[in-house]
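*Asks:* when you get a sec, could you give me coordinates for this:
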Amino acid sequence: MKDFFLNVTRYPRYLIAFGLGVANSVFEPLAARGRNPVTAVALIGAAVSGTLSLALILRAMVTVQPVA
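*Replies:* Residues are numbered from 1 along each chain as shown. As a prediction, the model looks like this:
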C-alpha cells in the first residue's frame, strides 16, 4: 500500500514538470522574437486578442440564457 501512495504522489510533480517544460518551449522562442519592436507589438496584440476571444467564448458557454 505504501508503494501505491508513493506512486500517486508522483503524478502532481510530473504534471508540474510537464507544464513547465511546455511553457518553456513555447515562451522561449516568443521572448527571442520579442526583441524586435514591430514583432513585440504584434505578439502583444495576438496575446490580447487570444485572451479576449477565450474569455468571450467561455462566457458564452457558461452563461445561462433566459427561457422566453
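
*Asks:* now do the longest helix anywhere in the chain: which elements does it pack against?
*Replies:* Assignment by DSSP state H gives helix 2-33 as the longest helix of the chain. Contact here means 3 or more C-beta pairs under 8 Å, 6 or more residues apart in numbering; DSSP states H and E; on that basis helix 2-33 packs against helix 37-62. Where C-beta positions appear, they are placed from N, C-alpha and C, glycine not excepted.

*Asks:* distance of the spatially most central residue of the chain relative to Thr63?
*Replies:* Closest residue to the average C-alpha location of the chain: Ala23 at 7.8 Å, with C-alpha atoms, centre = their mean. According to C-beta to C-beta, to the nearest Å, Ala23 and Thr63 sit 30 Å apart.

*Asks:* how about Glu28?
*Replies:* For Glu28, the distance to Thr63 - C-beta to C-beta - is 37 Å.

*Asks:* what about this protein, any weak spots by pLDDT?
*Replies:* The model of the chain has pLDDT under 70 over residues 68.

*Asks:* if you set the cut-off to 80 instead, what comes out?
*Replies:* Scanning the chain for pLDDT under 80 picks out the ranges 2, 34, 64-68.

*Asks:* neighbours around Phe18, how many?
*Replies:* 10 (other C-beta atoms under 10 Å).

*Asks:* repeat for Ala40
*Replies:* Around Ala40 there are 14 residues (other C-beta under 10 Å).

*Asks:* that's all I had, so thanks and see you.
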